[in-house]
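# Sequence below, structure please.
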Amino acid sequence: MQNFEQLGRELERRGKTRELRALAESEDGARLAAMLDAEKLQKAAKDGDGEALRKMLGSVLCTEEGKRLAEGIKNLMK
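Numbers count the residues shown, from 1 in each chain. Below you'll find the model as predicted:
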């Protein structure tokens with residue numbers, strides 16, 4: 001969870017939060033959100049269950065939408 005927090009802080013420091021929000025609210029972002037069980041995701045994050053988070057993230061990143069979203073985040077970090 002700390003890595004996600006660090007990523008968020010770095011994007012905020014760079015003034016990229018608007019772009020990140022746009023990615024999250026994009027068609028790809030909406031499709032990915034629909035694939036995830038929000039309650040399971042929230043519980044895993046709250047419990048610090050890194051293995052469950054990795055599995056959920058892996059299931060998302062193997063999709064075309066996930067790949068495009070990850071590429072968008074990567075481009076924001078440049």
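
# Stretch 57-75 - what's its average pLDDT?
Across stretch 57-75, pLDDT averages out at 91.

# which SS state does Leu11 fall under?
The three-state assignment at Leu11 reads helix, by DSSP: H, G, I helix; E, B strand; the rest coil.

# contacting residues for it?
By CB atoms under 8 Å, 6 or more residues apart in numbering, the contact set of Leu11 is Thr17, Leu20, Leu76, Met77. All C-beta spots, glycine's among them, are computed from the backbone N, C-alpha and C.

# swap the cut-off to 10 Å and go again
Thr17, Arg18, Glu19, Leu20, Arg21, Ile73, Leu76, Met77 (CB atoms under 10 Å, 6 or more residues apart in numbering).

# What about the residues you listed, which are in strands?
Judged by DSSP state E, the contacts of Leu11 include no members of strands.

# If any of these are buried, put those into a PyMOL selection.
Remark: buried members of the contacts of Leu11, expressed as a PyMOL selection using 16 or more other CB atoms under 10 Å:
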select buried, resi 20+73+76
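
# Nearest to Gly48 among the contacts of Leu11?
The closest of the contacts of Leu11 to Gly48 turns out to be Ile73 (CB to CB; 22.2 Å).

# Hmm, that closest one is touching Ser26, no?
No. Assessed by CB atoms under 10 Å, Ile73 is found out of contact with Ser26, at 11.6 Å.

# how close does Asp37 get to Leu61?
16 Å (CB to CB, to the nearest Å).

# between those two, which one's more packed in?
Leu61 (13 against 10; other CB atoms under 10 Å).

# That one: what's it in contact with?
Leu61 touches Leu32, Lys67, Leu69, Ala70, counting by CB under 10 Å, 6+ apart.

# Just the buried residues of those.
Leu32, Leu69.

# Which parts of the chain are helices?
For the chain, the helices defined by DSSP state H cover 2-13, 17-24, 27-35, 38-47, 50-61, 64-76.

# And the lowest-mean-pLDDT helix or strand in the chain, what's buried?
The weakest-scoring helix or strand in the chain, judged by mean pLDDT, DSSP states H and E, is helix 2-13 (a mean of 76). Buried residues in helix 2-13, counted by 16+ other CB under 10 Å: Leu11.

# Good, we can wrap up now.
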